[in-house]
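> need a structure here:
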Amino acid sequence: MDFDVKMLKKPEALAVIVPAVLVVWSIGTTLKMLNYRNGALIQQDQSRQVQANVHTIKSILRRSGHQDVSGVSINLEFDRVSSARRCAKEALISESKLHRIESPNAKAQKDGSFLFRETFKLNSIKLLQIARFIDFAERNYSSLNCTQATIYPARIKTKDSWDATINFQYLKKTL
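Below you'll find the predicted structure:
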């Protein structure tokens, strides 16, 4: 029997070809899904190992005298507005109470880095929030230092409501 293209157009041929294609396709899909499953299991094992390492690191830190290891700093690079917003969030300060004051241009240093100065104004917040804002910023951003914090009573006369102007400076290797 010779193969002819006209034979493929007959319904009997489609009754054989379509199921064969579907079987091959389902086997390929099954193998691909098994591969994804194996990858997920490997990632799950890696996640468990990371959690075990975190537990080990925390216990070592506690034994060496660090009581609160939940706030161990990562020392990120300070990025003006987004970093200040993160500090405000950690200090439970709403973004509407945080304002960045225009800062002078960066000054070049002898080692090739640049010295940046940033000023932020916080309105109608508690004294503890001011302390948390500064503390989180200095602990979590590399080379960031609070150079001055001016605190004065807020216009709204409520208990423990303060306005603050906070000046930071930090070094960055490039602009």
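
> Tell me which residues touch the closest residue in space to Gln109 that isn't next to it in sequence, please.
Ranked by Cβ to Cβ, 6 or more residues apart in numbering and with sequence neighbours excluded, the top spatial neighbour of Gln109 is Leu115, at 5.7 Å. From N, CA and C alone the C-beta is placed, and that goes for glycine too. Residues in contact with Leu115, defined by Cβ atoms under 8 Å, 6 or more residues apart in numbering, are Ala106, Lys107, Gln109, Gln169, Tyr170, Leu171.

> List only buried entries from the residues you listed.
Those of those that meet the buried threshold are Gln169, Tyr170, Leu171, by 16 or more other Cβ atoms under 10 Å.

> Adding pLDDT, secondary structure and distance to Gln46 as columns, could you present the residues you listed in CSV?
Shown next, in CSV, are these (pLDDT from 0 to 100; DSSP: H, G, I helix; E, B strand; the rest coil; distance: Cβ to Cβ, whole Å):
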residue, pLDDT, secondary structure, distance to Gln46
Gln169, 93, strand, 40
Tyr170, 90, strand, 35
Leu171, 87, strand, 36
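
> out of those residues, which one sits closest to Gln49?
Tyr170 (35.1 Å; Cβ to Cβ).

> Tell me what the closest one is bridged to.
Beta bridges link Tyr170 to Phe116, judged by DSSP bridges.

> Great, nothing more from me.
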